[in-house]
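**Student:** Show me the folded form of this:
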Amino acid sequence: MNSLPFAVRRGTLWLLALFVVVIWFGSLDYRRLFDPDEGRYAEIPREMVASGDWLTPRLNDLKYFEKPPLQYWATAAAYVAFGEHHWTARLWPALTGFLGIFFTIFAVGRLFNPTTGWIAGMVLASSFLWNAIGHINTLDMGVSAFLAAAIFALCIAQRDGATPQESRRWQDGAWVFLALATLSKGLIGIVLPAATVVLYALWQRDFNVILRIRPLRGLGILLLITAPWFVAVSLANPEFAWFFFVHEHLQRFLTKVHHRYEPMWYFIPVLLAGMLPWLASLLPGLKAGLAKTPGQRFQPQRFLLVWSVCVFVFFSLSDSKLASYILPIFPALAALIAWRLGAVAASRVRLDALLAVSIGLLGLSAIHLVVRRASSLAMLAGYQSYQPWLYAAAGLLVLGGLMALLLAQRHRLLAIAALAMMGFCSGQAILLGHDAFGDVKSAHDIALAVRGKVPAGVPFFSVDTYHQSFQFYLGRTTTMVSYADELGFGVSQEPQKFIPDMASFVKVWQQMPEAWAMMSPVTWGQLKAQGLPMVEVARDSRRVIVRKDSPPPSPRPVGGGGACSAAKDAAPVVLSGPRLGRPCAGAAP
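**Tutor:** Residues are numbered from 1 along each chain as shown. Below is the predicted model of the structure:
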């Protein structure tokens, strides 16, 4: 496959791996947390730490039972250990995604050979969807990494060369990973792997595979790890079981209750874009999964193919779809693509490289058109700031393809590494540049503009609006007014924490000696027209923060800050651009 000595190749690969480590974790703190998912999954752990209640998940001080608590616990532990930052909020998906890459290298190396394992790791790390979700604070990376680990562990346990002791050890490990997947995102952690085992047994007519996974012992391991929290949270919250198991699983799959309906073909373009820059090898890799190795009882490539198809079809049939739902199949696809790339001529690598060059050139010629997607002046500014990052991403893809073309004939492994490295960096550019939309999609700037000004214990209202990252950046919860959205279930359980309409809010506001509120500019204009006692403190393109009028502050001593400080206290903070505006030159942030 490669004329370079193995020691040289291995040293190069480890050097590239070190580079990926630095970029993978070093980029976590750069971007603001975006609404809704990143704000939500940063805030729930913050409230766990603040309240000391790690049993009942709460969002904005309302019960939130949509998902199990494993990632909440991990993120809360990171807050306790390192503080509340962007990088600690994103640490769990980044860590599980990165460990998923290395487990893929190890597992595929055991199932096939070490070179194929390294190729699989490079394919996975550079695949756009795995790369991106590994740096976004959602629950999908954690559950995907644990499901992939379980599938790989099951394959290692089932392979023909495994000793009985080794098989038992890896099989128990698979059940542990399934339990962690269940604690990450619910029953898909057991339903999808179980369906895969049954479908594989039917295809291979090897029903002993079901017995070899030792289901009774495995279910015992699963319950030992998962049942304590499910039982404890149900005892503390009798309403939990119906909401979690019926509403969040059966109704989510069978109905449009979550308003995430997409057509059945929705995941096809997601898969094609998410697999870049390895699109040319995707179909050949799937086809390779159909092959049967003569004289071998367990066929790992077929099992990985069944897993990929099972997950893809399951979520395609669901009435609730998000792009990240098919992420669990990417390690298996990386393994199949690597198995194919390790067995074919250099022409297959050249096809991937040529396609990468073509897509990169197409991007370079079309990126100027993205500004047409802008629906507002704020979004137009975001797209204009995003364009240089997109040009860099397309250019890196072209560069990686050209490097791979030059290396493919003599040093195929290095050609794959070059395409993987540039593909990874291209994905990072797309992701990092997305912070250009932070003014619109994050409450970072406006929350920090007032965080130090809101006295402890003073009520703060979210009026007819809810921005998920606001509470995290403000460092406290708010009382919601009129607008419940996904917190409707929590409101139904604790209605005393919610103000149902604007008329009730007006009465509460008038009774308060001191209070703060966030609302839309339209709502602010309406309430101001009613003469409600409010003073504007800060605003951006989507939100206005006001406080109830209070007596003016006492005069400042001479030399205590001068006219600039007085003006800063009197004037509302207006936010524009990528970061917080400053009314006076030299003012502290």
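
**Student:** count of residues packed around Q530?
**Tutor:** When neighbours are defined as other Cβ atoms under 10 Å, Q530 has 9 of them. All C-beta atoms are positioned from the backbone trio N, CA, C, and that covers glycine.

**Student:** Helix or strand: which one has the residue lying closest to it once chain neighbours are set aside?
**Tutor:** In space, Q530 comes closest to V506 once its chain neighbours are excluded; the distance is 7.3 Å by Cβ to Cβ, 6 or more residues apart in numbering. Using DSSP states H and E, V506 sits within helix 502-511.

**Student:** how about that helix: buried residues?
**Tutor:** For helix 502-511, the neighbour count (16 or more other Cβ atoms under 10 Å) marks 502, 505, 509 as buried.

**Student:** that older thread, so what's the residue nearest to Q530 up against?
**Tutor:** Contacts for V506 (Cβ atoms under 8 Å, 6 or more residues apart in numbering) come out as 527, 530, 532.

**Student:** So for it, what's the pLDDT?
**Tutor:** Among the per-residue scores, V506 shows a pLDDT of 96.

**Student:** what's the distance between it and L333?
**Tutor:** Remark: distance between V506 and L333 (Cβ to Cβ, to the nearest Å) = 56 Å.

**Student:** follow-up on the earlier one: dump the buried residues of helix 502-511 to TSV, plus distance to F177.
**Tutor:** TSV is the format used below for those (distance: Cβ to Cβ, whole Å):
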residue	distance to F177
M502	49
F505	48
W509	51
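
**Student:** I'd like to know how far S316 sits from M275.
**Tutor:** Note on S316: its distance to M275, by Cβ to Cβ, is 16 Å.

**Student:** got it, and G289?
**Tutor:** Look at G289 and M275: by Cβ to Cβ, they are 15 Å apart.

**Student:** do W14 as well
**Tutor:** 25 Å.

**Student:** the more surrounded of these two?
**Tutor:** Higher neighbour count among W14 and M275: M275, with 23 against 11, using other Cβ under 10 Å.

**Student:** OK, contacts around that one?
**Tutor:** M275 is in contact with 127-129, 282, 330, 333, counting by Cβ under 8 Å, 6+ apart.

**Student:** just W175 next, same as before
**Tutor:** Applying Cβ under 8 Å, 6+ apart, we find W175 in contact with 150, 217-219, 221-222.

**Student:** Give me the buried subset of those.
**Tutor:** 150, 218, 221-222.

**Student:** Among the residues you listed, which ones are in helices?
**Tutor:** 150, 218, 221-222 (DSSP state H).

**Student:** Let me see the ranges of the strands in the stretch 401-550 of the chain.
**Tutor:** If DSSP state E, counting those that start in this stretch is used as the criterion, the strands of the stretch 401-550 of the chain fall at 460-463, 479-481, 498-499, 516-519, 535-539, 544-547.

**Student:** Which parts of the stretch 451-589 of the chain are helices?
**Tutor:** 468-474, 488-493, 502-511, 521-529, 562-570 (DSSP state H, counting those that start in this stretch).

**Student:** Repeat that for the stretch 201-350 of the chain.
**Tutor:** Using DSSP H, counting those that start in this stretch, helices in the stretch 201-350 of the chain cover 208-212, 215-236, 240-241, 252-254, 267-274, 279-288, 300-317, 330-341, 346-366.

**Student:** looking at these, which is closest to Q71?
**Tutor:** Counting by Cβ to Cβ, Q71 lies closest to helix 215-236 out of the helices of the stretch 201-350 of the chain; the figure is 12.9 Å.

**Student:** quick one: pLDDT of H249?
**Tutor:** In this model, H249 is scored at 75, pLDDT.

**Student:** For the spatially closest residue to it that is not a sequence neighbour, give its distance to A194.
**Tutor:** Once flanking residues are discounted, H249 sits nearest to L187: 5.5 Å by Cβ to Cβ, 6+ apart. For L187, the distance to A194 (Cβ to Cβ) stands at 10 Å.

**Student:** cool, and F312?
**Tutor:** For F312, the distance to A194 - Cβ to Cβ - is 17 Å.

**Student:** Look at the two and report which has more neighbours.
**Tutor:** For F312 and A194, the more surrounded residue by other Cβ under 10 Å is F312, and the numbers stand at 19 against 14.

**Student:** ok, that one touching V270?
**Tutor:** No - counting by Cβ atoms under 8 Å, F312 does not reach V270; the two are 9.9 Å apart.

**Student:** tell me, what's touching these two both at once?
**Tutor:** The contact lists of F312 and V270 share I326, where a contact means Cβ under 8 Å, 6+ apart.

**Student:** Done for today, thanks.
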